[in-house]
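1. I would like to see how this sequence folds:
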Amino acid sequence: MTTSTRGAAEAPAVLVLEDGRSFRGRAYGAVGETFGEAVFSTGMTGYQETLTDPSYHRQVVVMTAPHVGNTGVNDEDAESRRIWVSGYVVRDPARLPSNWRSRRTLDEELAAQGVVGISGVDTRALTRHLRERGAMRVGIFSGNAVEDEGVLLAKVRQAPEMSGADLSAEVATKEAYVVPAIGTRKFTVAAIDLGIKGMTPHRMAERGIEVHVLPATATLDEVYAAGPDGVFFSNGPGDPSTADHPVSLMRGVLERKTPLFGICFGNQILGRALGFGTYKLKYGHRGINQPVQDRTTGKVEVTAHNHGFAVDAPLDKPSDTEFGRAEVSHVCLNDQVVEGLQLLDRPAFSVQYHPEAAAGPHDAAYLFDRFVSLMEGQRA
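-> Below you'll find the predicted structure:
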């Protein structure tokens with residue numbers, strides 16, 4: 001990625017997809033060039049949480065909501081230490097933010113962090129194209145980076161693909177840290193950071209859990225040095241088929257029968273640890289309005305998603321695994337994609353979506369209580 005923060009409002013820009021289709025607009029954020037996987041997010045709010053979600057590392061996010069930037073950027077809602085998206089695509093950026101917590105405009109924040117974006121794009125047409133053709137590599141070029149589209153297309157096709165990408169260690173913490181329990185400490189959890197969002201340990205801390213956040217490279221001995229009552233595997237970017245170390249680590253946790261909870265990437269890790277395969281979705285699930293059914297209760301939840309891969313597990317019956325029987329606990333009602341797994345003979349479960357959902361909705365917050373119940377049951 002090459003960027004400059006000068007003259008964004010005046011600079012022409014072009015978005016080029018790897019299949020040759022292009023869209024022209026104006027620079028938004030930093031000026032320069034950037035590459036990634038083109039994906040779309042259907043959330044109408046929560047753009048600051050989306051931008052700072054490490055799961056979006058090396059992705060260019062297309063916002064389907066036409067008007068973006070209305071509430072500006074504040075200093076409280078970031079989910080991590082920086083913006084992780086490779087590029088940002090909007091139709092109509094807000095001219096002036098209107099919110100009492102706003103400290104700067106979204107355009108200014110993107111430019112300050114060197115994130116190349118494009119505005120004035122027909123994001124509806126772009127989204128329909130990605131739904132038909134699937135997520136694919138893309139480049140955004142603005143200012144002096146704009147040249148013959150044949151040259152730009154060649155650059156896009158030289159960029160790495162998301163399939164086969166091992167990215168979690170690139171976004172995870174390098175040093176362990178502790179998020180203390182709010183109020184009385186009831187439990188200790190070791191959380192494996194594969195791209196964790198700040199709200200996740202906070203949701204556990206609200207329930208009296210002291211969270212020891214560990215690097216993605218943590219060993220089993222380092223996990224149990226924290227004296228955990230439970231182990232958590234976080235969300236994160238990349239292809240789960242490359243995540244051999246997290247899978248091995250999770251298998252060690254399952255062997256010890258420690259209560260286990262995984263979300264998003266953590267769900268895919270559990271799937272692999274149980275012997276299921278994973279596969280790449282055509283265009284993924286991203287946004288804060290995805291309908292999921294909890295098959296254990298029949299309840300339908302509106303949930304927050306960000307995943308381009310899924311677990312390949314039978315929907316119609318429990319499966320026998322090395323760690324006992326496992327079943328699909330949650331499914332997406334749009335396409336029947338596996339959205340959760342649970343073991344029937346050990347205290348372990350996972351979901352593919354984001355129950356911490358800082359920008360909402362909060363239908364799935366009960367899953368943290370379910371994790372607490374597993375730890376209470378194990379202690380009893």
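2. Just the pLDDT at the closest residue to Gly29 other than its chain neighbours, thanks.
-> The shortest distance from Gly29 to any residue that is not its chain neighbour, by CB to CB, 6 or more residues apart in numbering, is 2.8 Å, and that residue is Leu110. C-beta here means a position set from N, CA and C on the backbone, and glycine is covered the same way. Per-residue confidence (pLDDT) for Leu110: 98.
3. go on, the one 4 residues further on?
-> Listed pLDDT for Gly114 reads 98.
4. From Ala30, how far out is it?
-> Look at Gly114 and Ala30: by CB to CB, to the nearest Å, they are 5 Å apart.
5. same thing with Thr219?
-> The spacing between Thr219 and Ala30, counted by CB to CB, is 39 Å.
6. Same check on Gly143?
-> For Gly143, the distance to Ala30 under the criterion CB to CB works out to 9 Å.
7. tell me the contacts of Lys174?
-> Under the criterion of CB atoms under 8 Å, 6 or more residues apart in numbering, the contact partners of Lys174 comprise Pro215.
8. Give the other helices and strands that the longest helix along the chain contacts.
-> Ranked by number of residues, the top helix in the chain under DSSP state H is helix 366-379. Using 3 or more CB pairs under 8 Å, 6 or more residues apart in numbering; DSSP states H and E as the contact test, the elements touching helix 366-379 are strand 187-192, helix 199-205, strand 230-233, strand 260-263, strand 348-351.
9. Compare the ones you listed and give me the one nearest Ala11.
-> If you check each of those against Ala11 by CB to CB, helix 199-205 wins as the nearest, at 34.7 Å.
10. ok, back up a step: could you tell me the angle between the longest helix of the chain and strand 187-192?
-> Helix 366-379 and strand 187-192 meet at an angle of 120 degrees, taking axes from the mean of the first three to the mean of the last three CA atoms, to 10 degrees as the criterion.
11. And Gly114 and Ala30? Which one has more around it.
-> Remark: of Gly114 and Ala30, Ala30 carries more neighbours, 29 against 18, as counted by other CB atoms under 10 Å.
12. do you know how far the more buried one is from Glu108?
-> When CB to CB is the yardstick, Ala30 and Glu108 sit 11 Å from each other.
13. quick one, strands of the stretch 1-150 of the chain?
-> Along the stretch 1-150 of the chain, the stretches classed as strands by DSSP state E, counting those that start in this stretch are 2-4, 12-17, 22-29, 31-41, 59-63, 67-68, 87-89, 92-93, 116-119, 136-142.
14. now the strands for the stretch 201-350 of the chain?
-> The residue ranges that make up the strands of the stretch 201-350 of the chain, judged by DSSP E, counting those that start in this stretch, are 209-214, 230-233, 260-263, 277-294, 300-312, 319-321, 324-332, 338-343, 348-351.
15. Counting by contacts, list what the longest one packs against.
-> In this case it means strand 277-294. Using 3+ CB pairs under 8 Å, 6+ apart, strand 277-294 is in contact with strand 31-41, helix 123-133, helix 265-273, strand 300-312, strand 324-332, strand 338-343.
16. got it, and the shortest one?
-> Taking 3+ CB pairs under 8 Å, 6+ apart as contact, the helices and strands that strand 319-321 lies on are strand 324-332.
17. Give me the contacts around the strand it packs on.
-> Contact partners of strand 324-332, identified using CB under 8 Å, 6+ apart, comprise 274, 285, 290-296, 313-315, 317-319, 337-346, 349, 351-353.
18. can you check stretch 225-234 too?
-> Stretch 225-234 is contacted by residues 187-197, 200, 204, 209, 211-212, 214, 223, 246, 250, 253, 258-266, 269-270, 350, 371, 374-375, 378-379 when judged by CB under 8 Å, 6+ apart.
19. If you count neighbours, what's buried in that stretch?
-> Residues of stretch 225-234 classed as buried by neighbour count (16 or more other CB atoms under 10 Å): Ala226, Pro228, Asp229, Gly230, Val231, Phe232, Phe233, Ser234.
20. same question, stretch 59-66
-> Across stretch 59-66, burial judged by 16+ other CB under 10 Å covers Gln59, Val60, Val61, Val62, Met63, Thr64, Ala65.
21. got a list of what the residue positioned nearest the centre of the chain touches?
-> Using CA atoms, centre = their mean, the residue of the chain that lies closest to the mean C-alpha position is Ser55, 3.3 Å off. By CB under 8 Å, 6+ apart, the residues touching Ser55 are Trp84, Gly195, Asn235, Gly236, Pro237, Cys264, Phe265, Asn306, His307.
22. re earlier: now render the strands of the stretch 1-150 of the chain as TSV, adding distance to Asp148.
-> Converted to TSV, the strands of the stretch 1-150 of the chain look like this (distance: least, CB to CB, whole Å):
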stretch	distance to Asp148
strand 2-4	17
strand 12-17	11
strand 22-29	11
strand 31-41	14
strand 59-63	21
strand 67-68	30
strand 87-89	20
strand 92-93	27
strand 116-119	18
strand 136-142	11
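23. among the ones you listed, which is nearest Asn99?
-> Smallest distance to Asn99 across the strands of the stretch 1-150 of the chain (CB to CB): 13.4 Å, for strand 67-68.
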